[in-house]
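*Asks:* output the structure for:
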Amino acid sequence: MRRQIARNVVWLLAERGVQVSASIGTIAMIARSIGPEGFAHFQYAQTLVLLASSIALICGAEVVVPRLVANTSTAARHQLLVHAYAVREGAAITAYVLMLAAIWISGQDEITRHVAMILGISILLREPFGVVNAWMQARTDNRAGVIFSLTALTTRLGIVGLLFLTQVNTVHEYAWAFAAESVILALLLASYYLKASPPLRIAPDFTLISQLFRDGAIFWVGFMLMMSARRVDQLLLKPQVPLPDLAAYAACMQVLDNFVLLATIVANTLAPLMIYAQPTFERLRANLVRITLGMAAIGTVGGTLIAVVAPWIVHLLYGSEFGTAVGLLRTAALASGLVFADVALSLLVVHLRKPGWLAIKWLIVVITIALVDWIMIPRHGTYGAVVGYIAGNSVALLVGAAMLVMSGRLMPEEISP
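*Replies:* This next block holds a predicted model:
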């Protein structure tokens with residue numbers, strides 16, 4: 001069993017590494033092809049899609065996987081997956097419609113509207129068909145899912161590369177590459193599951209739908225607030241700064257987002273042994289403090305290196321037209337230690353299964369970022385947004401530390417691993 005778990009983790013880590021590399025390469029080609037203004041439109045549309053897609057996160061893996069593990073009957077598992085798909089698809093359709101309404105009400109320009117509509121196809125496909133990934137996770141075998149994900153990713157990278165080599169510079173053409181990735185991934189996941197599962201007729205169970213919706217709701221709120229914290233800065237920036245400045249800020253955040261993925265990989269790798277397997281809360285908390293300090297050090301060292309080589313990173317990935325991103329990246333990268341430490345502290349909330357704590361934390365962070373940005377952006381432009389980014393991560397770390405202290409008063413000495 002341990003060997004199977006380790007092999008599964010290796011597959012997932014390999015997928016994440018390839019995804020990061022492909023993401024960097026894809027964004028670099030798009031930015032060089034469509035220029036700063038086109039890149040600003042593209043990234044802003046991605047922000048709208050990301051925020052809308054958080055609505056489709058209802059009934060996530062944290063709700064589905066434990067139920068799948070508990071159900072040994074093939075028919076029961078199939079019924080659960082069908083109903084989870086229905087809940088997610090309903091939320092996804094609602095999210096897409098709400099995104100279109102928000103675009104129309106806010107009076108977005110034609111390019112942003114067009115790109116968001118294309119990129120938004122992923123909202124309708126990724127989370128709903130992601131129930132198959134939950135099914136594979138419950139079986140501790142994600143190899144097929146990783147292969148499917150990499151196949152779809154390779155397709156997207158190939159399309160973007162072809163458009164780049166043929167010097168296509170229209171923004172919406174690149175958006176279709178992302179839509180194609182979502183379609184291919186959904187088809188592969190659906191066909192794999194249908195071949196592995198017996199053809200069973202499922203009658204609608206509205207009680208089960210209600211349970212899935214209710215159990216996932218509090219996680220859902222936390223995830224939506226977390227997504228908002230990641231993108232509220234760009235929503236506030238666009239009306240107040242020129243498009244090239246927005247593009248420079250988006251390029252800076254793109255680099256840091258990919259770097260922060262390292263924190264998630266490290267945390268998920270250490271958590272099973274150092275956090276989840278601990279028999280007492282005192283040992284768990286001591287290990288969590290060690291992990292937090294270690295990850296803070298990794299983030300600080302890595303962020304410092306990024307700040308030092310920021311000119312090289314920006315010019316290599318985005319080109320000379322994005323030169324203003326250098327200063328932004330240098331400043332924001334120095335806060336990476338805060339982000340890494342916060343990711344480590346988040347393991348506590350996951351282990352204790354306190355989704356309400358997660359929602360409270362990200363609500364405080366969103367309010368902090370929005371308030372700081374509202375004050376600082378009109379005065380300092382994109383650097384004001386960087387101040388909001390640093391303030392938000394500082395508050396996230398403080399709230400996480402406060403929850404660690406508070407949990408010591410609430411939890412008994414002995415906890416179940």
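
*Asks:* distance of Arg283 from Ala248?
*Replies:* Per Cβ to Cβ, to the nearest Å, Arg283 is found 46 Å from Ala248. C-beta: built from backbone N, CA, C; applies to glycine.

*Asks:* and these two? Which one has more around it.
*Replies:* Between Arg283 and Ala248, counted using other Cβ atoms under 10 Å, the more crowded position is Ala248 (28 against 14).

*Asks:* what's that one sitting at in phi/psi?
*Replies:* Dihedral pair for Ala248: phi -60, psi -40, per degrees, to the nearest 10.

*Asks:* residues in contact with it?
*Replies:* By Cβ atoms under 8 Å, 6 or more residues apart in numbering, the contact list for Ala248 reads Pro36, Phe322, Thr324, Ala325, Leu328, Thr382.

*Asks:* so of these, which ones are in helices?
*Replies:* With helices taken from DSSP state H, the overlap with the contacts of Ala248 comprises Pro36, Ala325, Leu328, Thr382.

*Asks:* so the last one sits against Leu243, correct?
*Replies:* To tie it back to what came earlier, the one meant is Thr382. No: the criterion here is Cβ atoms under 8 Å, and Thr382 misses it with Leu243 at 11.6 Å.

*Asks:* the two - which one has more neighbours?
*Replies:* Comparing Thr382 with Leu243 by neighbour count (other Cβ under 10 Å), the higher total belongs to Thr382, at 26 against 17.

*Asks:* and that one, how far from Asp257?
*Replies:* Distance check for Thr382 against Asp257: by Cβ to Cβ, it reads 16 Å.

*Asks:* number of nearby residues for the closest residue to Ile375 other than its chain neighbours?
*Replies:* Nearest residue to Ile375, sequence neighbours excluded (Cβ to Cβ, 6 or more residues apart in numbering): Gly384, at 7.7 Å. A total of 22 residues lie near Gly384 under the criterion other Cβ under 10 Å.

*Asks:* list the residues that contact Gly384.
*Replies:* Shown in contact with Gly384 (Cβ under 8 Å, 6+ apart): Val372, Asp373, Ile375, Met376, Ile377, Pro378.

*Asks:* so the first one is in which element?
*Replies:* It refers to Val372. Per DSSP states H and E, Val372 falls inside helix 355-380.

*Asks:* tell me the helices and strands packed up against that helix.
*Replies:* Judged by 3 or more Cβ pairs under 8 Å, 6 or more residues apart in numbering; DSSP states H and E, helix 355-380 is in contact with helix 206-237, helix 336-352, helix 382-410.

*Asks:* hey, which of those helices is tucked in deepest?
*Replies:* Mean neighbours per residue, mean count of other Cβ atoms under 10 Å, is largest over the helices and strands packed on helix 355-380 for helix 336-352, with a mean of 23.

*Asks:* who does it touch, helix- and strand-wise?
*Replies:* Partner elements for helix 336-352 (3+ Cβ pairs under 8 Å, 6+ apart): helix 243-271, helix 281-308, helix 355-380, helix 382-410.

*Asks:* now the ones you listed as JSON lines including mean pLDDT and distance to Ile103?
*Replies:* Formatted as JSON lines, these follow (pLDDT from 0 to 100; distance: least, Cβ to Cβ, whole Å):
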{"stretch": "helix 243-271", "mean pLDDT": "87", "distance to Ile103": "17"}
{"stretch": "helix 281-308", "mean pLDDT": "90", "distance to Ile103": "34"}
{"stretch": "helix 355-380", "mean pLDDT": "93", "distance to Ile103": "20"}
{"stretch": "helix 382-410", "mean pLDDT": "90", "distance to Ile103": "22"}
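
*Asks:* so which of these gets nearest Ala56?
*Replies:* helix 355-380 (17.2 Å; Cβ to Cβ).

*Asks:* any idea how far the closest one is from the middle of the chain?
*Replies:* In terms of Cα atoms, centre = their mean, to the nearest Å, the centre of helix 355-380 is found 18 Å from the chain centre.

*Asks:* got the buried residues for it?
*Replies:* Neighbour counts over helix 355-380 (16 or more other Cβ atoms under 10 Å) mark 355, 357-366, 368-370, 372-373, 376-377 as buried.

*Asks:* appreciated, that's everything.
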